[in-house]
Every structure is written in structure tokens, then in C-alpha cells.
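> coords please:
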Amino acid sequence: MDERQSDVVVVVNQKALSRRYWGVMLAIGIVAIIFGIIVLANLWSSVRLVAILAGLFLIFAGVVQFVNAAGAERKTGKIIGGLVVLIVGVVLVFWPDASVKTVAVLVGLAFLFWGIVMAIAALVDRGEGWGIAAGFGVLLALVGIVVVAWPGPTIAILMILVGVDAILFGASMIAQGFALRKA
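You can find the predicted model right below:
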């Protein structure tokens, strides 16, 4: 019996993959900006609501990081950043009765770590639009530092930071989407 071994070669066209995902990134960016505007327009005074909204945003952002990693050559940083943000988001959604300081520290650490990973991944990849992604990563890390350094802010300040972060994230995703479209 003659057994033949077949080799399968998969060819990935990076430009075709980029063209397919640019619209998804653009849509996610628009949704994130709308979420940020809604958060800024409705500054509630409930820690529970802040925790749930921040958690939902972080879950959404973590999933986006995984989607973003699918089209990247170097995925490790984006996957790690997405995983950390996703875990913190799940903790906040399922433990919404935490104190203001606990919510602030969790959100701040998530922003700090996510911003650092985003900036490093952009610097390492040096792909289309890497400077914008690195800049937004640095801004995100700075927002995280502010939240961690001042863990007792009022709910309104925390909501403002979450809203601003959502808008920055959305703007970054839109910029990256257009950069992928152009690539």
C-alpha cells in the first residue's frame, strides 16, 4: 500500500486581510466613541453602575484587542493586553459592589497596563499607523497612572476618565482602520 503525504500550504495575503478588517476596526471605533459620549453625558452617582459600565467597556476593549491581534504579525502583546483588560472587565461586572477606591485602582491598573502594552506593540510592529497607536497607548497609560495615584476620586471624575478613555480608544481604532484601508 502506497501512502502519500500531502502538504497543504496556506498563503496569507496581508493586504487582503487588512482590507477585510479595516471596516470592523472603524465600526468598533465609532461604537467606542458613542459609548464614551454617552458615559460623559450621564454621570451617575452609583459605584455599582460605574463598575458595570467600566467592566463592560473593558470587556469590549479586550475582545477588540483579540480581533486586532488576528491581523497582526506580532500578536503576543495585543493578546496579553486584551486578556488583562478582559479579565479586569469581567471582575468589575461580576463584582460591582466594590468600593470606589477598588474600582478606581482596578480600572487604573487596566488602563496603565493596556496602554503600555499598546505602545510597546505599536513600537515593535512599526506597521501602518504605528505612531498614532503608540501615542494613544501612552495617553492611556497616563490616564491609568492618574486613576491609580488618586484612587478616591468621585464617581463623576471616574466616569469622565472612562468616557475620555473610550473616546481615545475609539479615535485610535478609527485611525488604525483608515490606516489599514490605505495599506
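> isn't Leu106 right up against Ala98?
Yes - using CB atoms under 8 Å, Leu106 makes contact with Ala98 at a distance of 7.5 Å. Bear in mind the C-beta positions are built from the backbone N, C-alpha and C, glycine included.
> Who has more neighbours out of those two?
Taking other CB atoms under 10 Å, Leu106 and Ala98 do not tie; Leu106 has more neighbours (24 against 17).
> check contacts around that one.
Val88, Val91, Leu92, Ala98 (CB atoms under 8 Å, 6 or more residues apart in numbering).
> Common neighbours of Leu106 and Ala98, please.
With CB under 8 Å, 6+ apart, Leu106 and Ala98 have common neighbours Leu92.
> Is Asp97 part of a helix or strand, or is it coil?
coil (DSSP: H, G, I helix; E, B strand; the rest coil).
> Hmm, Val50 and it touching each other?
No - in this structure Asp97 lies outside contact range of Val50 using CB under 8 Å: 11.3 Å.
> With neighbour numbers in mind, choose between the two.
Shown here are Asp97 and Val50; by other CB under 10 Å, Val50 has more neighbours (25 against 9).
> And the helix or strand that one falls within, what's buried?
Per DSSP states H and E, Val50 falls inside helix 47-70. Buried residues in helix 47-70, counted by 16 or more other CB atoms under 10 Å: 47, 50-55, 57-62, 64-65, 67-69.
> And the residue nearest the centre of this structure?
Centroid-nearest residue in the chain, with CA atoms, centre = their mean: Ala61, separated by 3.7 Å.
> Which one of the contacts of Leu106 sits in the busiest neighbourhood?
Leu92 (25 neighbours).
> Need the pLDDT of the nearest residue to that residue once chain neighbours are set aside.
Spatial nearest neighbour of Leu92, excluding adjacent residues (CB to CB, 6 or more residues apart in numbering): Gly55 at 3.0 Å. Gly55 carries a pLDDT score of 85 in this model.
> can you check Ala119 too?
90.
> what about it, neighbour count?
21.
> and stretch 119-131, how far from the chain's centre?
With CA atoms, centre = their mean, to the nearest Å as the basis, stretch 119-131 stands 15 Å off its chain's centre.
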